[in-house]
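Student: The following block contains a protein sequence and its predicted model.
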Amino acid sequence: MLVVMQHDATAKDVDRVVTIIQDMGYEARPMPGAQRTTVGLVGNDGRVDSSRLEALPGVAQIIHVTQPYKQVSREWRSENTVVDLGHGVTVGGDSVVVIGGPCSVESEEQIVSAARIVKAAGGTALRGGAFKPRSSPYSFQGLGKKGLELLARAGKATGLPVVTEAMDAEGAQMVAELADCIQIGARNMQNYSLLKTVGKMKKPVLLKRGMAATITDLLLSAEYILAEGNQNVILCERGVRSFDPAARNMLDLTAIPIVHRLSHLPIIADPSHGTGLRDKVIPMARAAVAAGADGVMIEVHPEPDRALSDGAQSLFPDQFTQLVGELRAVAAAIGRSVPVAKAGTA
Ligand code: PEP
Ligand code: MN
């Protein structure tokens with residue numbers, strides 16, 4: 001439930017609404033906006049007597065949020081959320097971020113070289129998995145903490161903010177200490193205890209859509225993170241399982257405008273996992289930006305043929321460089337731009 005204050009409501013009026021909500025046993029979240037303040041009532045169990053709030057001085061209106069997710073919805077917040085990754089990079093609003101890097105961190109040489117490729121091409125952030133959720137237990141599982149340290153070093157050297165996956169609470173703690181954004185992968189989108197753990201942190205979270213998750217499922221998973229107090233959530237469309245084996249997954253670009261309508265959270269696309277095939281990644285990345293994505297996440301490897309994971313979908317450095325130029329042009333055509341990260345140390 002949302003309590004919308006009048007334009008001329010005073011701080012005292014807002015405080016009174018907050019106090020009454022708390023007296024009723026719920027949590028109050030005041031949200032000052034450009035036009036007026038709204039106060040969210042968190043945890044409505046259907047027993048809230050809204051007439052008690054409606055009659056208070058300075059209250060304009062009570063809105064009952066109709067969606068199953070609340071704080072994630074556009075009803076709750078009409079302005080776009082802009083997530084700050086640090087290093088001068090924000091996600092949402094007018095910017096279109098390009099997150100590039102290998103599927104996995106494999107060695108210092110590989111990740112530093114990949115980071116330099118991403119930076120030189122004009123990419124915005126660096127990706128690379130240290131904890132890898134692999135379909136087979138016999139596949140390369142990632143370098144773990146060592147991988148995180150190498151990734152952090154590569155980020156520092158290039159000035160690129162770093163995004164990397166956490167698979168459990170312990171990993172999330174490590175990622176929060178060494179990276180700029182915690183990725184929750186498709187396989188963990190409905191790992192509710194992990195969502196609550198990252199919800200209690202302040203770090204931005206990149207939440208990927210599960211491979212058989214509906215858009216409502218994705219938004220409800222995001223709600224778990226916001227409900228714990230972390231508003232810095234970026235959603236990611238990464239393709240869903242389909243009947244057609246022609247591509248690894250079916251990249252659902254319709255999700256981009258649908259999510260923008262339903263939620264204030266930014267959404268990016270991952271055409272690498274979304275298609276699984278290098279030559280399909282490039283057109284689908286362009287299409288994602290044209291569809292209004294707030295960014296793309298692309299796998300690029302200094303030597304894709306030697307990659308320990310996802311080589312077939314990893315771009316060659318030249319392809320990545322060309323693609324970033326094209327994405328800039330597509331973004332400009334729709335009044336947006338690809339932000340540039342601050343300079344690094346090397
Ligand atoms: C990844 O981005 O490294 C990854 C494993 O992707 P997903 O969770 O979408 O499969
Ligand atoms: Mn991968």
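Tutor: Thanks, I have it. Numbers count the residues shown, from 1 in each chain. Ligands and ions are numbered 1, 2, ... in the order given.

Student: tell me the secondary structure for Thr90?
Tutor: Here Thr90 is strand, with the state taken from DSSP: H, G, I helix; E, B strand; the rest coil.

Student: I figured it was touching Val96, is that so?
Tutor: No: applying Cβ atoms under 8 Å, one finds Thr90 not in contact with Val96, separated by 10.9 Å. For the C-beta atoms, the positions are set from N, CA and C on the backbone; glycine is no exception.

Student: Give me the more crowded residue out of these two.
Tutor: The residue with more neighbours, out of Thr90 and Val96, is Val96; 25 against 18, by other Cβ atoms under 10 Å.

Student: What's the per-residue pLDDT of the more buried one here?
Tutor: Looking at Val96, its pLDDT reads 98.

Student: Not including adjacent chain positions, what is the nearest residue to whichever residue of the stretch 1-150 of the chain sits closest to ligand 2?
Tutor: As assessed by Cβ to the ion, ligand 2 sits closest to Cys103 within the stretch 1-150 of the chain, at 3.2 Å. Nearest residue to Cys103, sequence neighbours excluded (Cβ to Cβ, 6 or more residues apart in numbering): Asp310, at 3.7 Å.

Student: I'd assumed Ile298 was in contact with the one you found.
Tutor: No: using Cβ under 8 Å, Asp310 makes no contact with Ile298, being 11.3 Å away.

Student: Overlap in contacts, these two.
Tutor: Ser272 (Cβ atoms under 8 Å, 6 or more residues apart in numbering).

Student: So between those two, which is more surrounded?
Tutor: Shown here are Asp310 and Ile298; by other Cβ under 10 Å, Ile298 has more neighbours (28 against 20).

Student: is ligand 1 contacted by whichever strand or helix holds Arg153?
Tutor: Here Arg153 sits within helix 145-158, counting by DSSP states H and E. No: counting by Cβ under 6 Å from any ligand atom, ligand 1 has no neighbours in helix 145-158; the shortest distance is 12.1 Å.

Student: Next: stretch 106-117.
Tutor: No: figure legend: stretch 106-117 not in contact with ligand 1 (Cβ under 6 Å from any ligand atom); closest approach 13.2 Å.

Student: returning to what we had before: ok, the residue of the stretch 1-150 of the chain closest to ligand 2 - how many residues close by?
Tutor: 24.

Student: how near is it to Val300?
Tutor: Shown here: Cys103 relative to Val300, a distance of 10 Å by Cβ to Cβ, to the nearest Å.

Student: which parts of this structure sit against ligand 1?
Tutor: Close to ligand 1, as judged by Cβ under 6 Å from any ligand atom, the chain has residues 103, 129, 133, 165, 185-187, 208, 238, 270, 273.

Student: returning to what we had before: residues in contact with the residue of the stretch 1-150 of the chain closest to ligand 2?
Tutor: The contact partners of Cys103, taken as Cβ under 8 Å, 6+ apart, are 128-129, 132, 272, 299, 301, 307-310, 313-314.

Student: Any chance of the backbone angles for it?
Tutor: The phi and psi values for Cys103, taken as degrees, to the nearest 10, are phi -60, psi -50.

Student: Give me the mean pLDDT for the helix holding Arg153.
Tutor: Per-region confidence: helix 145-158 scores 97 on mean pLDDT.

Student: Tell me if the helix or strand following that helix is near ligand 2.
Tutor: Sequence order places strand 162-165 as the next helix or strand after helix 145-158, per DSSP H and E. No: Strand 162-165 does not reach ligand 2 (Cβ under 5 Å from the ion); its nearest approach is 9.6 Å.

Student: The helix or strand that comes right after strand 162-165 packs against which elements?
Tutor: With elements assigned by DSSP H and E, the helix or strand that comes after strand 162-165 is helix 169-178. If contacts are counted by 3 or more Cβ pairs under 8 Å, 6 or more residues apart in numbering; DSSP states H and E, helix 169-178 sits against helix 145-158, strand 162-165, strand 181-184, helix 192-199.

Student: if we can go back for a sec, which of the residues of the chain next to ligand 1 count as buried?
Tutor: Neighbour-count burial (16 or more other Cβ atoms under 10 Å) applied to the residues of the chain next to ligand 1 gives 103, 129, 165, 185-186, 208, 238, 270, 273.

Student: Nearest to Glu177 among those?
Tutor: Nearest to Glu177 among those, counting by Cβ to Cβ, is Glu165 at 14.8 Å.

Student: which residues touch the spatially closest residue to the closest one that is not a sequence neighbour?
Tutor: Spatial nearest neighbour of Glu165, chain neighbours left out: Gln183 (4.1 Å); criterion: Cβ to Cβ, 6+ apart. Taking Cβ under 8 Å, 6+ apart, we find Gln183 in contact with 127, 163-166, 175, 205-206, 208.

Student: how close does the closest residue in space to Asp8 that isn't next to it in sequence get to Leu315?
Tutor: Leaving aside its chain neighbours, Asp8 sits nearest to Gly58 (7.7 Å; criterion: Cβ to Cβ, 6+ apart). According to Cβ to Cβ, Gly58 and Leu315 sit 55 Å apart.

Student: Counting neighbours, go ahead and name the busier of the two.
Tutor: Applying other Cβ under 10 Å to Gly58 and Leu315 shows that Leu315 carries more neighbours, namely 24 against 20.

Student: isn't that one right next to Gln322, touching?
Tutor: No: assessed by Cβ under 8 Å, Leu315 is found out of contact with Gln322, at 9.1 Å.

Student: Closest to the centroid, which residue in the chain?
Tutor: Relative to the mean C-alpha position of the chain, the nearest C-alpha, by Cα atoms, centre = their mean, is the one of Ile234, at 1.9 Å.
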